[in-house]
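J.: predicted model and sequence below, questions to follow.
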Amino acid sequence: MRIDIVTIFPDFFGVLDISLLGKARERGIIELGVHDLRDFTYDRHRTVDDTPYGGGAGMVMRPEPWGEALDATLTPETVVIVPTPAGVPFTQAAARELALEKHLVFTCGRYEGIDQRVIDYAASRARVREISLGDYVLNGGEVATMAMIEAIGRLVPGVIGNPESLTEESHEQGLLEYPSYTKPSTWRERSVPDVLLSGNHKAIADWRHEQQLERTRRVRPDLLPDDQ
Ligand SMILES: O=C(OCc1ccccc1)c1cn[nH]c1
């Protein structure tokens, strides 16, 4: 998979050289390109924003630099991901689907956002997904992009050593994950549930599923179909 990011803060993504994604890049499983939007401006001040038509507070990102940045990165098979509070909620299912794509381009908006014509133009050239991480507002798309790249990157085939560990995570079967324990079996007067020390794999699996249901009922009833 190739990932391109267009941003006015390219240094922000230096951290993607580290850890799991750093290794996936070394192994050639994921290719990453970070592009400074200002490299696609031609005025002396490398201007990327301007005042909004129709008035109102704040600034809007100008279309010209974005058009050039997209021309330099888009292919017909690209999925353009636009982090925005006005987007479709991001889910583990979306991460799984996007992990199978060949090419993702993340467009990091700042200020009040990107001129709408850029999104419309991109949609004439490639698939565009306007995605929200949650119902809150960040100053720009960079943090949201980092989170999505981590959620998607770890699902790209070959990135995680043991894909088995991916099947029992929260949200994988639509439920929250069961509580986990490791040595010592007693810690500060608190002991690990006996069933987990029993060696009875059926009882352990049943206990874990019940814990998933109980935790999901308590914390995220919205995830449960009405009959559970
Ligand atoms: O703030 C966000 O994206 C950055 C952004 C993009 C466009 C205009 C303002 C801010 C965001 C919140 N949830 N998911 C994404």
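T.: Here it is on my side, so go on. Since the model is a prediction, treat every value here as computed from it, not as a measurement.

J.: for the ligand, see how far away residue 171 is.
T.: 17 Å (CB to the nearest ligand atom, to the nearest Å). (Each C-beta comes from the backbone N, C-alpha and C, glycine too.)

J.: please apply the same query to residue 95.
T.: 14 Å.

J.: that residue belongs to a helix?
T.: Yes: counting by DSSP: H, G, I helix; E, B strand; the rest coil, residue 95 is part of a helix.

J.: mind listing what it touches?
T.: 148, 151, 152, 155 (CB atoms under 8 Å, 6 or more residues apart in numbering).

J.: looking at those, which are in helices?
T.: 148, 151, 152 (DSSP state H).

J.: who's in contact with the last one?
T.: Put plainly, it is residue 152. 95, 98, 99, 104.

J.: that older thread, residue 170: which of the contacts of residue 95 is nearest?
T.: residue 151 (11.6 Å; CB to CB).

J.: right, and that closest one touches residue 90 too?
T.: Yes: because the distance of 7.4 Å satisfies CB atoms under 8 Å, residue 151 is recorded as touching residue 90.

J.: so which of these two has more stuff around it?
T.: Neighbour count, other CB atoms under 10 Å: between residue 151 and residue 90, residue 90 has more, with 21 against 18.

J.: who touches the spatially closest residue to residue 70 that is not a sequence neighbour in this structure?
T.: Sequence neighbours aside, residue 122 is the residue nearest to residue 70 in space, at 5.6 Å (criterion: CB to CB, 6 or more residues apart in numbering). The neighbourhood of residue 122, defined by CB under 8 Å, 6+ apart, consists of 70, 74, 80, 107, 128.

J.: neighbours around the first one, how many?
T.: What that stands for is residue 70. A count of nearby residues for residue 70, using other CB under 10 Å, gives 22.

J.: good, we can wrap up now.
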